[in-house]
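Chemist: Show me how the following folds:
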Amino acid sequence: DSIGANGYRPQRTDGPAAAGVSPTIDALAARSSNFQRCYTAIASTMESGVQLMSSQYPQSHGIRQMYPNRETVEATNKRIVPLPALLRQRGYDTAAIGDWCAGYYEVVPLGMEHLSVSSFDNFKIYMSQAVVMAHFVIPLYFDNPLGYQIFPQLESFAQFVTPEVVTGRVEKRLAKVAAEQKPFFWHVFYSCNHLPYRSREPYRSMFSDPAYQGRNRNGVDFDIDSFIGGTDLESKWQALPPKEIKQIRALYDGCTRQFDDCVGKILASLKANGLDQNTVVIVTADHGDDHYEPGVTLGHGLTFNGGLQANHVPMIVHVPGIAPQVIPETVRLIDVIPTIADLTGVEKSPTWQGQSFAGWMKKTETPVYRPFYGETGFPFIQFTVPGVERPKLPAMDELTYIEKDYNYQFVLKDEYRDILIKAKQRCLKTRHWKIVCTPTAQGGRHFGLFNMAVDRYGENDLASQRPEVLAPMKTALERWMDHQIESSVAEIFPAGEPE
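Modeler: Below you'll find the model as predicted:
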């Protein structure tokens, strides 16, 4: 959630960087409802995306890590009622338009009729892209009708589907639906801010120290072999010197600015097509990232140590006719679909677990702090928790295999499915407090308690000092973990939340 509208300031503020990382989004926020505390229940793209469109926690929709098998996906499709499917029935044009991170729509379409996304990660795609890219002529055909006719796979190749290509596709489709006067519901997905933070100039160097000449100059120097074949990345990443950490943050800021410019072009296209006064625009994310804040290193979906940066996402909702406002009370990504249903008049599915916040924006309901419940994703790294021996899990290349009968997808091995789920950290955050459950190697559960109001990065465990807070939060978290029942903050603290 590192945007200017919510107080973020980059380390460099001269020249083009003087406008900050998100001038367009900041201007949009100033005329919108800006929810400053929005959280995703899981900081991993596929699982978070399914959560968003189905309004279900990962433990309910069933995709709990990024390498599900066919049976898991089929069970999820039967279990969920995604909003796009309901809007299609009402005549909406529904589409997912995005680059490589949006490829999960190829696996789980979530009711979208039109998909214009990069093909989802699988071994066959990797190999075909490598072969095609090795040919010096084929890239010349990219992003033009003749090229797509001759080499149809180019349309979804990750290396070619740049942010500018995504924006161009959105602009073309906006002109089409405007001419047809057809309502639309789209998920436009950019991967600008995903590791390894490689953006083009001028964004790449916009926020960097001009004197920097290190190995992270053009992007995070990412050793994929260590990532998939090792389990000791925590210690390696912790060893980075301050100048490298500063550069990585600068790269991320440049990626944000690139995304911001894409948002600006889409907003301009809405206006040019006469759609700006009757279109709801939401700017959010599937997850954030850790950037060497206290208690964490780099990445997302790996830990609840620190200040929940990887689960905290922007939530800017522009509804024409609704007065701008800043709302500090907590909302969750599972709340978005019920909100859109209220704004569009669609009947809510009883399978949805989120709660609408449309009444907050219309000032017909009083905002209250909602609880954030979360779980970690695929365990590329199991971060250290003081005093806890965590279950031992092998590296990614041992946990997964290539399923040739499932379009050569990377799939978690069956023998590790339950083990992985049992090893996940879980978290509950109320207005002031965070409790983290970490499974132990001995089969038990360790609970850490942190007062986030005065300890932003969760550096001081108060579990032994505040038993009156620990007990009800532990009960509520285990109730959600073991029985899939969510307790409100008022139910957790009937007499009011302690400070």
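
Chemist: all helices of the stretch 151-300 of the chain, in order?
Modeler: Using DSSP state H, counting those that start in this stretch, the helices of the stretch 151-300 of the chain run over 163-180, 203-206, 224-229, 233-238, 242-272.

Chemist: Which of the ones you listed has the lowest mean pLDDT?
Modeler: The weakest mean pLDDT among those belongs to helix 224-229, with a mean of 52.

Chemist: one step back: now the helices of the stretch 151-300 of the chain in JSON lines, with distance to residue 43 and mean neighbour count?
Modeler: C-beta coordinates here come from the backbone N, C-alpha and C atoms, glycine included. Shown next, in JSON lines, are the helices of the stretch 151-300 of the chain (distance: least, Cβ to Cβ, whole Å; neighbours: other Cβ atoms under 10 Å):
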{"stretch": "helix 163-180", "distance to residue 43": "21", "mean neighbour count": "16"}
{"stretch": "helix 203-206", "distance to residue 43": "23", "mean neighbour count": "21"}
{"stretch": "helix 224-229", "distance to residue 43": "17", "mean neighbour count": "12"}
{"stretch": "helix 233-238", "distance to residue 43": "16", "mean neighbour count": "15"}
{"stretch": "helix 242-272", "distance to residue 43": "15", "mean neighbour count": "20"}
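
Chemist: how about these in TSV, adding distance to residue 48?
Modeler: Listed next are the helices of the stretch 151-300 of the chain as TSV, based on distance: least, Cβ to Cβ, whole Å:
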stretch	distance to residue 48
helix 163-180	19
helix 203-206	25
helix 224-229	20
helix 233-238	22
helix 242-272	17
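
Chemist: Compare these and give me the one nearest residue 4.
Modeler: helix 242-272 (9.2 Å; Cβ to Cβ).

Chemist: Against residue 96, how distant is the residue nearest to residue 70 when sequence neighbours are not counted?
Modeler: Leaving aside its sequence neighbours, residue 70 sits nearest to residue 406 (Cβ to Cβ, 6 or more residues apart in numbering; 4.6 Å). For residue 406, the distance to residue 96 (Cβ to Cβ, to the nearest Å) stands at 21 Å.

Chemist: Looking at those two, which one has more neighbours?
Modeler: Neighbours around residue 406 and residue 96, counted as other Cβ atoms under 10 Å, are more numerous at residue 96. The numbers are 25 against 16.

Chemist: Tell me the secondary structure of the more buried one, please.
Modeler: Here residue 96 is recorded as strand under DSSP: H, G, I helix; E, B strand; the rest coil.

Chemist: any idea how far it is from residue 63?
Modeler: Taken as Cβ to Cβ, the span from residue 96 to residue 63 is 16 Å.

Chemist: from the chain's centre, how far out does the one helix or strand residue 341 maps to sit?
Modeler: Assigned by DSSP states H and E, residue 341 belongs to helix 336-344. Computed by Cα atoms, centre = their mean, to the nearest Å, the separation of helix 336-344 from the middle of its chain amounts to 19 Å.

Chemist: Stretch 270-290 too?
Modeler: 16 Å.

Chemist: next one: stretch 188-200
Modeler: 12 Å.

Chemist: in this protein, which segments are predicted with low confidence?
Modeler: 119-160, 223-233, 235-239 (pLDDT under 70).

Chemist: how much space between the residue positioned nearest the centre of the chain and residue 171?
Modeler: Residue closest to the average C-alpha location in the chain (Cα atoms, centre = their mean): residue 286, at 1.7 Å. Distance of residue 286 to residue 171, computed by Cβ to Cβ: 23 Å.

Chemist: same check, this time on residue 39
Modeler: 32 Å.

Chemist: do the same with residue 472
Modeler: 51 Å.

Chemist: now residue 113
Modeler: Applying Cβ to Cβ, the value for residue 113 to residue 171 is 19 Å.

Chemist: one step back: find the nearest non-adjacent residue to the residue nearest to the centre of the chain, please.
Modeler: Using Cβ to Cβ, 6+ apart, the closest residue to residue 286 is residue 48 (4.1 Å).

Chemist: Residue 342 now?
Modeler: Using Cβ to Cβ, 6+ apart, the nearest residue to residue 342 is residue 358, at 3.8 Å.

Chemist: how deep is the one you found tucked in, by neighbour count?
Modeler: Neighbours of residue 358 (other Cβ under 10 Å): 21.

Chemist: Isn't it up against residue 343?
Modeler: Yes: counting by Cβ atoms under 8 Å, residue 358 touches residue 343, with 5.6 Å between them.

Chemist: List the contacts of the nearest residue to residue 23 once chain neighbours are set aside.
Modeler: With sequence-adjacent residues excluded and distances taken as Cβ to Cβ, 6+ apart, residue 23 is closest to residue 260, at 6.5 Å. The contact partners of residue 260, by Cβ atoms under 8 Å, 6 or more residues apart in numbering, come to 21-25.

Chemist: Any chance of TSV for the residues you listed, columns secondary structure?
Modeler: Below are the contacts of residue 260 laid out as TSV (three-state DSSP):
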residue	secondary structure
21	coil
22	coil
23	helix
24	helix
25	helix
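
Chemist: Which pair of those residues spans the longest distance?
Modeler: Pairwise over the contacts of residue 260, using Cβ to Cβ, the maximum falls at 21 and 24, 10.4 Å.

Chemist: Between these two, point out the one with more neighbours.
Modeler: residue 21 (25 against 20).

Chemist: From residue 66, how far out is that one?
Modeler: Residue 21 is 27 Å from residue 66, by Cβ to Cβ.

Chemist: export stretch 62-70 as PDB, just CAs?
Modeler: Once non-C-alpha atoms are left out, stretch 62-70 reads as follows in PDB (Å, rounded to 0.1, in the frame of the first residue of the first chain):
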ATOM      1  CA  GLY A  62     -10.200 -24.400  -1.500                       C
ATOM      2  CA  ILE A  63      -7.200 -23.100  -3.400                       C
ATOM      3  CA  ARG A  64      -4.700 -22.600  -0.600                       C
ATOM      4  CA  GLN A  65      -1.400 -22.500  -2.500                       C
ATOM      5  CA  MET A  66      -0.300 -21.500  -6.000                       C
ATOM      6  CA  TYR A  67       0.200 -25.000  -7.500                       C
ATOM      7  CA  PRO A  68      -3.300 -26.700  -7.200                       C
ATOM      8  CA  ASN A  69      -4.100 -29.900  -9.100                       C
ATOM      9  CA  ARG A  70      -7.000 -30.400 -11.400                       C
END
